[in-house]
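1. My questions are about this predicted structure, shown below with the sequence.
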Protein chains: 2
Amino acid sequence: MARSVQTHRLAVTAGLALLAAACAPAAPPASAGDGPPNIVIITADDLGYGDLGSYGHPNIRTPHLDRMAEEGLRWTSFYAQAPVCSPSRAALLTGRVHLRSGMFGRRTAVFFPDSRAGLPAEEITLAEALGDLDYATGIIGKWHLGHLPEYLPTRHGFDYWFGIPYSNDMDWNLPDGLENRTAYFEPEIDYWHVPLMRNEAELERPADQTILTRRSTEEAVAFIEDHRDEPFFLYMPHSMPHMPLFVSDQFRGRSTAGIYGDVIEEIDWSVGQVIAALERAGLSENTLVVFTSDNGPWLSYRTHAGTSGLLRDGKGTTFEGGMRVPGLFWWPGTLEPGVTQEIGSAMDLFTTVIALVGGSVPADRPIDGVDLSPVLFGTGPGPRETMAYYRMGELYAFRRGRYKVHFVTEGRYGLPPPRTDHDPPLLYDLDEDPAERYDLAAERPEALAVVVAAAERHRADMTMGEPLFDSRGEQ
Amino acid sequence: MARSVQTHRLAVTAGLALLAAACAPAAPPASAGDGPPNIVIITADDLGYGDLGSYGHPNIRTPHLDRMAEEGLRWTSFYAQAPVCSPSRAALLTGRVHLRSGMFGRRTAVFFPDSRAGLPAEEITLAEALGDLDYATGIIGKWHLGHLPEYLPTRHGFDYWFGIPYSNDMDWNLPDGLENRTAYFEPEIDYWHVPLMRNEAELERPADQTILTRRSTEEAVAFIEDHRDEPFFLYMPHSMPHMPLFVSDQFRGRSTAGIYGDVIEEIDWSVGQVIAALERAGLSENTLVVFTSDNGPWLSYRTHAGTSGLLRDGKGTTFEGGMRVPGLFWWPGTLEPGVTQEIGSAMDLFTTVIALVGGSVPADRPIDGVDLSPVLFGTGPGPRETMAYYRMGELYAFRRGRYKVHFVTEGRYGLPPPRTDHDPPLLYDLDEDPAERYDLAAERPEALAVVVAAAERHRADMTMGEPLFDSRGEQ
C-alpha cells in the first residue's frame, strides 16, 4: 500500500483536475484583474476543522463560507503553524516557523498582558513587505504579538489597526468569589478588561465584546471602500470564537448549535459582508480572499467549544485537531473551484502572496513558507511536503507526505494523554487514518525511518531565537 | 437556552430559506416533468456519516455525490431506521419500524445463510406499492431480507433483481488455518461463497465481488435505458463498503484513503454513471434520486472501516454514529438546493415517494414513515419530530427534537462502553452536542421528562411481530 509522496501528489492533482474538469483552465495571476491583486486574510480564533458546513458540521450554518468553498479552493490539509495563538499569528505574518522569531516560551505558551516582549522589530511582516510595494495595509482584529507600544501592528507595517491587543479572556476583572472558569460561561462585558484599540490609542476599556464582530465588520467594509482605488492588504483576525463567547443580539439564539453556533454564524455573516463589499466595489475578481483559523478548537469548554470533526484532539496539542484547520481560498475568475488534499500552512501565505503580487521574499534570513501557486493555479504538484508540529518550542511531531511521527504526545491542560516520550516514535498514516488511531511504527519501519530522517533535517536547519514568551512581569 | 421543537423547526426552515434565497421557489411535484416521477434509491452498506466530501471527509473524493449535495437537498439529521443491515432495509422498503414486521431477533441481529425466515409476504414493499401504480421495479444489489425462494425480491414486488442475497462476508469458505477476521483483510474472491443472483436463479457462486460494483452499475444503466418510456423505481443497495472490501482494478489504489477510499470512490463513480444515464435519457428532471446508507460505519476493522465524523461510535450501536447517515435528495428543477437540519428517516422514503407519485399508503396497518414533502419543497415545517433507536428489538434510545435520551448504552462487539442501563436515562442535546458527550439529565429535568414521555407513547403504540431473525438452522 505504501506509495511515494510524489505519487500521492500526482493522485491528488488528478483528483483536483477531475473536480474542476468542467471549468476552463485558470488564468495565471499576471493576467487577472487590473493591477496587483488585493489580499484579504480572515482568521477565526480557535475555530476547529469540523466547525463549518463545508467541513461537515451538522448544524452550524455557514452559507457564506460554504459559498467560498464552492466557488474557490477548499483545502483539507491546511495547517496553522502552531497549536496556540501568538506563535501561529507570528508565522502567518512572517512566513517563518515561530521559533526563528522567538515567538515561543519554555514556561509560557503565548503573550499575556504582563508580557514584556513582542514580535521583534527586525522581523518582516507581510504588511511591511506589501507596504513596500505600495499596498495600503490594515488589521481589523486581534493582534497578540506584543501589546507594548513598540510592538503594536502600527510598528509592524500596518497603516491602520482596529481591534484588541491580546486574547479576549486576558486581563480579567471578576467579582469577588467568581471563578475564572465559571465566568467563562457567563460572559458579562465588565468581567474582562481587554482594551479596544484604534492604531496606538485606546478607544474604550473594557471593549464591548458583544458588538465587536459587527463593529469589526463595519471597519473592514469601510477599509475596502476607502481603498478601492489602490491595492490593499486587509488582515482580519477575529477574536471569536475564543472563550468567553460573545455575540451580538442579532445573532444570539439564532443558530441551533448554542452560543458557539451563534458566534460562528456571526463570523460567517461577517465574511459575507466583506465579500459583498468587494463585489459592490467591483473588486471581487481582483482580490484573493483567504479564510482560516489560528489553531484548533479549545475543547476544555464543553458546548462552548468547537469540534475538530473526525480529527484527534484540539487546540494546544500536536495531534491533527490542534493544527489542521479550514483553509478556503476564493478569487472568482482566477482560482478554479475544487478541493485539494495538498499540504498547506498559514505560514505559506507570506511567500504565496508576495509571489502573487510580483515581489520577492527577504533573502537575508530563512523563510519557511513556500509558494502555493502551483496548487492554486493547477500548474504543478504541491510544493509543501512536510509539516512540523511544535509545542512550547519543542518538536513534538513531524509530517512528511502521508506519514506523521509523534516523538512526544500530550493532551491539553492535564487532559489525557499525559506527556509521553516515544522511542521509537509513533507512526500514523494520515491518508488512511486521519484520526490518528493506529500506530504503524512496527509494521512500516521504512516509512518511519524516512519521516524521522526528514524531521532530523528540519531540526538541524532550525535556527531559534530567544524564547520571548517567558519575559513577563516586573523585571 | 431551551427552545421548543417548533422554534427549532422554524429556525431550521429559515436557515434553509437563507441558503436557497437566490433560487426561484421550487415547483410542487405535480407540475414537474412528464407524468409520474421516476424513483431511484441508492444505498451504500456500512458507509458512515463522515465518509463523503460533502460531509467533511478530508481525503475520500466523492465529486458525483458532492454534486448531488450541491444541486440537491443535503440532510444532516437523516437516519437509517436501525443500526444494522436487515432491519434497516426492511424499514426502508415497508415504511414501518422493523419490529412491526418481525425483522429483529433476541439472539441474532440480522439474517444469515442458515436463516429460515424472511420478510413476511403480507408486508407491502415500496416496490409492490409502485408496481400497483404501473411502475417498472428493479433492485440491483444486496437484498438481505430472506434468501429462501419465497422471500426473494421477486416475491416482494420487484420485476427484476441482480445482486446478492445477504452480506458479502456471509457463507465463507476459508482455507485451513485462516481466521475469519484475518481473511477480512485479504479479500480473495474464493474465501466467500456468496451467490450472485439474477431474479430467482444463481448466476455464479461465489460472486466475483471485485467487479460487482461495476457490473451493478452497468445493470442499473441498462435498467434505466430499458425503462425510459415508462415510470420506474430503481432500488440500488450496494453491497460495499461492507467488509471484506472489494474494488475493481480500475479503482484499486486510486484514492489516497486506502482500499476503503478506493471502494467509496468506485461507488461515487457508480452514482455518477446513474446520473449520467438519467441525463442521457432526458429523465433527470423527472426523477428523484436519493442516496443514503443502511447504517453507520463498521468500526471493528481499523482503516478498512469508515468514519462517522464527529458523531459518536458506529454500526450496531444506538449512538448517533450507528444510525445517522448521509442523506442526499437530488431532483434538478424541482428540489431547491440547500441543507436541512430537519429529522428524516429512510423509513420515510416509503410514505414520501407514495405521496409524490399520487398514491396512498396502506390503510390496514400502522405506517411509521412520514411524508417529507414539506421539507423537500420548503412548504412547511418538518413532519418528523422523533427517532427511535432499537437494538435487538429493544428500545435503547429515543430522540425528540433536539434532545435524545439513552435508556441503555452499549458498544459494539464487546467494545466499550459495556451494556449499561440508565435510570434516570442519559439526556443529550444533539443541537449543541451532536457528539453525545455531555449528559444533561440532572441539569434539564423538564426536557428529560418530555422526551421520556414521548418515548413511552412510542412504546405503547409499537406492535411487534415474532422475532424472525432467531429462526435459524435445521428446524
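-> Cool, the structure landed.

2. When you work out contacts or count neighbours from here on, use the C-alpha atoms and nothing else.
-> OK.

3. Three-state assignment for A:Met387, please.
-> Following DSSP: H, G, I helix; E, B strand; the rest coil, A:Met387 is assigned to strand.

4. for it, what are its contacts?
-> Going by C-alpha atoms under 8 Å, 6 or more residues apart in numbering or on different chains, A:Met387 touches A:Ile343, A:Ser345, A:Phe398, A:Arg399, A:Arg400.

5. mind checking how far it is from chain B?
-> For A:Met387, the distance to chain B equals 17 Å [C-alpha to the nearest C-alpha, to the nearest Å].

6. Just give the nearest non-adjacent residue to the closest residue to chain B within the stretch 151-300 of chain A, would you?
-> Chain B sits closest to A:Ala257 of the stretch 151-300 of chain A, with a gap of 4.4 Å, by C-alpha to the nearest C-alpha. Among residues not flanking A:Ala257 along the chain, B:Glu432 sits closest, at 4.4 Å (C-alpha to C-alpha, 6 or more residues apart in numbering or on different chains).

7. buried subset of the contacts of A:Met387?
-> Listed as buried from the contacts of A:Met387 are A:Ile343, A:Ser345, A:Phe398, A:Arg399, A:Arg400; burial here means 16 or more other C-alpha atoms under 10 Å in any protein chain shown.

8. As CSV, these with secondary structure and pLDDT would be great.
-> Shown next, in CSV, are the buried ones among the contacts of A:Met387 (DSSP: H, G, I helix; E, B strand; the rest coil; pLDDT from 0 to 100):
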residue, secondary structure, pLDDT
A:Ile343, strand, 98
A:Ser345, strand, 98
A:Phe398, strand, 98
A:Arg399, strand, 98
A:Arg400, strand, 98
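
9. ok, of these, which one's closest to chain B?
-> The closest of the buried ones among the contacts of A:Met387, once distances to chain B are taken by C-alpha to the nearest C-alpha, is A:Ile343, at 11.5 Å.

10. So which bits of the longest strand seen in chain A are buried?
-> Of all the elements of type strand in chain A, the one with the most residues (DSSP state E) is strand A:420-429. Buried residues in strand A:420-429, counting neighbours by 16+ other C-alpha under 10 Å, are found at A:Pro425, A:Leu426, A:Leu427, A:Tyr428, A:Asp429.

11. quick one: contacts of the top helix by length along chain A?
-> In chain A, with assignment by DSSP state H, the single longest helix is helix A:258-280. Applying C-alpha under 8 Å, 6+ apart, the contact partners of helix A:258-280 are A:44, A:60-65, A:213-214, A:217, A:220-221, A:224-225, A:238, A:240-241, A:245-248, A:251-256, A:284, A:287, A:303-306, B:1, B:431-432.

12. rerun that using 7 Å as the cut-off
-> If you take C-alpha atoms under 7 Å, 6 or more residues apart in numbering or on different chains as the criterion, helix A:258-280 is touched by A:60-62, A:64-65, A:213, A:217, A:220-221, A:224, A:241, A:246-247, A:251-255, A:284, A:304-305, B:432.

13. After the lowest-mean-pLDDT helix or strand in chain A, which helix or strand is next?
-> The weakest-scoring helix or strand in chain A, judged by mean pLDDT, DSSP states H and E, is helix A:5-19 (a mean of 33). Heading C-terminal from helix A:5-19, the first helix or strand you meet, by DSSP states H and E, is strand A:38-44.

14. Could you give me the buried positions within that following strand?
-> For strand A:38-44, the neighbour count (16+ other C-alpha under 10 Å) marks A:Asn38, A:Ile39, A:Val40, A:Ile41, A:Ile42, A:Thr43, A:Ala44 as buried.

15. Return the member of those residues nearest to chain B.
-> Relative to chain B, and with distances defined as C-alpha to the nearest C-alpha, the nearest of those is A:Ala44, at 18.8 Å.

16. how distant is stretch A:155-173 from the center of its chain?
-> Remark: stretch A:155-173 is offset 17 Å from the chain centroid, using C-alpha atoms, centre = their mean, to the nearest Å.

17. who touches it?
-> With C-alpha under 7 Å, 6+ apart, stretch A:155-173 has contacts from A:112-113, A:125, A:127-128, A:131, A:136-144, A:147, A:153-154, A:191-199, A:239, A:243-244.

18. Next: stretch A:319-333.
-> A:48-49, A:68-69, A:71-83, A:284-285, A:287-293, A:295-296, A:308, A:311-316.

19. so the host helix or strand of A:Ser86 versus strand A:38-44, what angle?
-> Under the criterion of DSSP H and E, A:Ser86 resides in helix A:85-94. Relative orientation of helix A:85-94 and strand A:38-44, computed by axes from the mean of the first three to the mean of the last three C-alpha atoms, to 10 degrees: 170 degrees.

20. And helix A:85-94, what does it pack against?
-> In terms of contacts (3 or more C-alpha pairs under 7 Å, 6 or more residues apart in numbering or on different chains; DSSP states H and E), helix A:85-94 is packed against helix A:348-356.

21. got the buried residues for the very next helix or strand once past the helix it packs on?
-> Following helix A:348-356 in sequence order, the next helix or strand is helix A:373-376 (DSSP H and E). Residues of helix A:373-376 classed as buried: A:Ser373, A:Val375, A:Leu376 (neighbour count, 16+ other C-alpha under 10 Å).

22. Run a quick neighbour tally on the residue of the stretch 151-300 of chain A closest to chain B.
-> 26 (other C-alpha atoms under 10 Å in any protein chain shown).

23. again with A:Ala442
-> 12.

24. quick one: stretch A:163-179 to chain centroid distance?
-> Relative to its chain's centre, stretch A:163-179 lies at 23 Å (C-alpha atoms, centre = their mean).

25. contacting residues for A:Tyr135?
-> A:Tyr135 makes contact with A:Pro231, A:Phe232, A:Phe233, according to C-alpha under 7 Å, 6+ apart.

26. separation between it and A:Ala127?
-> As for A:Tyr135, its distance to A:Ala127 is 8 Å (criterion: C-alpha to C-alpha, to the nearest Å).

27. Would you map the helices across the stretch 201-350 of chain A?
-> For the stretch 201-350 of chain A, applying DSSP state H, counting those that start in this stretch gives helices covering A:212-226, A:258-280, A:320-323, A:348-356.

28. Could I get the buried residue list for the longest one?
-> When you say that, I think you mean helix A:258-280. A:258-275, A:277-278.

29. Quick one: work out the angle between that helix and strand B:420-429.
-> Here helix A:258-280 points in a direction 40 degrees away from that of strand B:420-429 (the same axes, to 10 degrees).

30. Only alpha carbons, please: show helix A:258-280 as PDB.
-> Extracted in PDB, the C-alpha atoms of helix A:258-280 (Å, rounded to 0.1, in the frame of the first residue of the first chain):
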ATOM      1  CA  GLY A 258     -26.000  27.000  21.000                       C
ATOM      2  CA  ILE A 259     -24.000  30.200  21.600                       C
ATOM      3  CA  TYR A 260     -20.900  28.600  19.900                       C
ATOM      4  CA  GLY A 261     -23.000  28.200  16.700                       C
ATOM      5  CA  ASP A 262     -24.400  31.800  17.100                       C
ATOM      6  CA  VAL A 263     -20.800  33.100  17.200                       C
ATOM      7  CA  ILE A 264     -19.700  31.200  14.200                       C
ATOM      8  CA  GLU A 265     -22.800  32.200  12.300                       C
ATOM      9  CA  GLU A 266     -22.000  35.900  13.100                       C
ATOM     10  CA  ILE A 267     -18.500  35.400  11.700                       C
ATOM     11  CA  ASP A 268     -20.000  33.800   8.600                       C
ATOM     12  CA  TRP A 269     -22.200  36.800   8.200                       C
ATOM     13  CA  SER A 270     -19.200  39.000   8.600                       C
ATOM     14  CA  VAL A 271     -17.400  37.100   5.800                       C
ATOM     15  CA  GLY A 272     -20.500  37.600   3.600                       C
ATOM     16  CA  GLN A 273     -20.400  41.300   4.300                       C
ATOM     17  CA  VAL A 274     -16.700  41.500   3.300                       C
ATOM     18  CA  ILE A 275     -17.400  39.700   0.100                       C
ATOM     19  CA  ALA A 276     -20.400  41.800  -0.700                       C
ATOM     20  CA  ALA A 277     -18.300  44.900  -0.100                       C
ATOM     21  CA  LEU A 278     -15.700  43.600  -2.600                       C
ATOM     22  CA  GLU A 279     -18.400  42.900  -5.100                       C
ATOM     23  CA  ARG A 280     -20.000  46.300  -4.700                       C
END
